[in-house]
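Asks: how would this look folded up:
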Amino acid sequence: METGQHSSQSGSLPVLPPVMERVQHLTRAAARRASNIEVNPQTKQNLQGLVINFVLILICLLFIYILVLLL
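Replies: Numbers count the residues shown, from 1 in each chain. Below you'll find the model as predicted:
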């Protein structure tokens, strides 16, 4: 079986090349570290405000785009 091809056995995971295995390991390790980060409540509140503003701006831009298409 060549590297990167799926195994013919049912229910088994595909065999990943060594580089992909390393990337997957690093990604999982980074996710574990990120989930343990303590965030200042004020910082968390500021970030939530930024996300809400960003989403509202996107909704407004979409609304404007739809209006322009209808005119």
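
Asks: I'd like the distance from the lowest-mean-pLDDT helix or strand in the chain to the chain centre, please.
Replies: Lowest by mean pLDDT, DSSP states H and E among the helices and strands of the chain is helix 18-35, with a mean of 87. Distance of helix 18-35 from the chain centroid (C-alpha atoms, centre = their mean, to the nearest Å) equals 13 Å.

Asks: Use 725 as the first number from now on
Replies: Sure, I'll start counting at 725 from here, so that last one is helix 742-759.

Asks: average pLDDT for the helix or strand hosting F778?
Replies: Using DSSP states H and E, the secondary-structure element containing F778 is helix 765-794. Per-residue pLDDT over helix 765-794 has a mean of 95.

Asks: What are the buried residues along it?
Replies: In terms of neighbour count (16 or more other C-beta atoms under 10 Å), helix 765-794 has no buried residues at all. (Glycine included, C-beta is placed from N, CA and C.)

Asks: Counting by contacts, list what it packs against.
Replies: Applying 3 or more C-beta pairs under 8 Å, 6 or more residues apart in numbering; DSSP states H and E, we find helix 765-794 packed against no helix or strand.

Asks: Now do it: distance to the chain's middle.
Replies: On C-alpha atoms, centre = their mean, the centre of helix 765-794 falls 19 Å from that of its chain.

Asks: What of stretch 758-769?
Replies: Shown here is stretch 758-769, whose average C-alpha point lies 18 Å from the average C-alpha point of the whole chain (C-alpha atoms, centre = their mean).

Asks: gap between the two ends of that stretch?
Replies: Distance across stretch 758-769, first residue to last, is 18 Å (C-alpha to C-alpha, to the nearest Å).

Asks: Identify the residues contacting that stretch?
Replies: Residues from elsewhere that reach stretch 758-769, judged by C-beta atoms under 8 Å, 6 or more residues apart in numbering: L771.
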